Structure formats: structure tokens, C-alpha cells
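Student: What would the 3D arrangement of this be:
(one chain, ligands or ions: 2)
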Amino acid sequence: MTEETPHQPRRRGLLIVMTGASGVGKGTLRELWLAEQDVFYSVSWTTRPPRKGERPGQDYHFVDATRFLEGMGQEGFLEHAEFAGNHYGTPRGPIEAALASGQDVVLEIEVKGAMQVRQSTDEAILVFIMPPSMSELRRRLEGRATENPEQIERRLTRAREEILEAHAFDYVVMNEDLTRAVADMHAIQRAERSRSERLSPEALGGIVDS
Ligand SMILES: Nc1nc2c(ncn2[C@@H]2O[C@H](COP(=O)(O)OP(=O)(O)O)[C@@H](O)[C@H]2O)c(=O)[nH]1
Ligand SMILES: Nc1ncnc2c1ncn2[C@@H]1O[C@H](COP(=O)(O)OP(=O)(O)O)[C@@H](O)[C@H]1O
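Tutor: Ligands and ions are numbered 1, 2, ... in the order given. Coordinates of the predicted model:
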């Protein structure tokens, strides 16, 4: 549930963008962070084939290139990008509805998409998830065993480029100890909810008149 006091009308949800290298732990972290929370997780469209265990409609909307291009034209994407030979895009509609209802929204997207979101709205909160080292990132990718060696190398090369862009983000969360990283995500979410501009003049008036 979104936290509300009697004085605070339902506020607009937070738009939180999580970005980080392939294999850094975004999905693992997000699932632990959002457990028991009423947060809208934006399910992306992708042309990447599903990995073992991935659930269509929950992890991704898996589509072919033709359908992806149609989607860009019809549904409209908030942002889209190409990553390691596949297309990825964020459907626009569901996000606005969730934000307007007061639900926080989480996007898990790569750097180019995060920069597009930053360009299109100043309400986005950008969080970069950082690995402790490239050797640990390699270990995690190899341990996950979802990509072949050539794909792993391609993703590690992209990771180096993405890590060097971390200063374009509002926050950097180190995902070394998973429990600590989850706590950091909760701390960012709570701090952003407490920003003074999120308390409306009406709510202030409600307090002083009470
Ligand atoms: N721009 C953009 N990137 C996305 C979207 N969905 C997923 N991604 C990113 O695309 C990259 C590759 O995702 P994926 O193939 O699932 O690999 P993973 O990062 O190893 O899980 C990751 O950085 C994702 O965060 C999207 O809708 N838009
Ligand atoms: N803090 C961590 N320490 C060690 N391994 C981790 C940590 N976070 C995630 N992992 C593991 O790393 C691999 C990649 O995690 P995943 O969530 O799939 O990353 P991403 O979604 O960023 O590609 C998984 O096998 C996951 O269990």
C-alpha cells in the first residue's frame, strides 16, 4: 500500500529506473526489494528468446521483430533500445496509469533507455546497480549459465561501457552483499517519498488547519 496520512491525498507514484550490467543482480535485487510491496513493475517487450524459467508476460513480453516494430507504432514505448543484438522497449500506457493511481513504478532497463527516460520526464529517479568488480560480474554471468561464452564476452564489454556512465544516475547501489543492496533500495525509495516537493500545498494547509 502507498503510505498516506489523513492529510496527504494520494500522491503520484515514484518512477524508479534500475539500470546495471547484465548479470549484476538487477532481477534478483528487484524481486527481493519489491516483495510485499504494492509497486508496479514494468514488463518490457523484447525480441530476445526466453531463457529457461522465464515467464511470458511476467519477465518479458516476448515478441518477434515485426510485432516489436508494430508495438512501437501502436502501443507506443516510453523508451526502447537495442542491447546485444536484441530489441527492448517499455510500454507507455500502463506506467502512466500506475503513477497517476499513486503506485510507485519500477523500470529495469539499460543505460540508453534510462537516458531516454531522463530526457522525457524530470520525475524519473535513476539508480545504477554496480558490481564489486568485473571478475565478480563474470563469475555471476558464468554462474547463471544463461548465455554462451561469446554472449558473455559481448555483455561484459557492454558492461564496461555502462559502468563508465554511472555518474549520469542519481544513485549508485553496490550489489556486493545482497541484503545490504536491498536495504539501500528501500532507503532510496523512502527518502524519495519524503522529498518536500511531494507534499502538496493542500496537504500543508490541511495540517495547519487541523
Ligand atoms: N532500454 C531498455 N532496456 C531494457 C528493457 N528491458 C530490459 N532491458 C535491459 O536490457 C538488458 C538485457 O536484458 P536481459 O537480456 O534480460 O539480460 P540481463 O540484464 O542479463 O537480465 C538489461 O540491461 C536490461 O535491464 C527495456 O524495456 N528497455
Ligand atoms: N549480491 C550478489 N552476490 C552474489 N551473486 C549474486 C548477487 N546478486 C545476484 N547474484 C547472482 O548473479 C546472477 C545474476 O543475477 P540476475 O538477477 O540475473 O542479474 P541481472 O538481472 O542484472 O542480469 C544470478 O545467478 C544471481 O543469483
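
Student: quick one: the helices in this protein?
Tutor: Taking DSSP state H, the helices of the chain run over residues 26-34, 65-73, 92-100, 111-120, 134-144, 149-163, 178-193, 201-208.

Student: ok, now how distant is the closest residue to ligand 2 within the chain from ligand 1?
Tutor: Closest to ligand 2 within the chain is Gly25: 2.8 Å, counting by C-beta to the nearest ligand atom. For glycine as for every other residue, the C-beta is placed from the backbone atoms N, C-alpha and C. As judged by C-beta to the nearest ligand atom, to the nearest Å, Gly25 and ligand 1 stand 9 Å apart.

Student: now do Ile188
Tutor: Counting by C-beta to the nearest ligand atom, the gap from Ile188 to ligand 1 is 18 Å.

Student: ok, and the closest non-adjacent residue to that residue?
Tutor: Nearest residue to Ile188, sequence neighbours excluded (C-beta to C-beta, 6 or more residues apart in numbering): Tyr171, at 5.4 Å.

Student: and the gap between that neighbour and ligand 1?
Tutor: 16 Å.

Student: Make 30 the starting number, not 1.
Tutor: Right, with 30 as the first residue, what we last looked at is Tyr200.

Student: Look at the residue of the chain closest to ligand 2 and say how many residues are nearby.
Tutor: Residues lying near Gly54 (other C-beta atoms under 10 Å) number 22.

Student: OK, contacts around the closest residue in space to it that isn't next to it in sequence?
Tutor: Nearest non-adjacent residue to Gly54, counting by C-beta to C-beta, 6+ apart: Asn204, 4.4 Å away. Shown in contact with Asn204 (C-beta atoms under 8 Å, 6 or more residues apart in numbering): Gly49, Val53, Gly54, Leu58, Ile158, Met159, Pro160, Pro161, Ala210.

Student: was I right about Gly131 contacting Asp67?
Tutor: No. Gly131 sits out of contact with Asp67 when judged by C-beta atoms under 8 Å, with a separation of 9.3 Å.

Student: higher neighbour count, the two?
Tutor: Comparing Gly131 with Asp67 by neighbour count (other C-beta under 10 Å), the higher total belongs to Gly131, at 16 against 13.

Student: Now do the phi/psi pair for that one.
Tutor: Phi and psi for Gly131, reported as degrees, to the nearest 10, are phi 100, psi 0.

Student: where does this structure come near ligand 2, residue by residue?
Tutor: Residues of the chain lying near ligand 2 by C-beta under 6 Å from any ligand atom: 49, 51-57, 169, 172-173, 204-205, 207.

Student: Buried ones among these?
Tutor: Among the residues of the chain next to ligand 2, those buried by neighbour count (16 or more other C-beta atoms under 10 Å) are Gly49, Ser51, Gly52, Val53, Gly54, Lys55, Thr57, Arg169, Asn204.

Student: surely the first one meets Glu194?
Tutor: No. With contact defined as C-beta under 8 Å, Gly49 does not reach Glu194; the gap is 11.1 Å.
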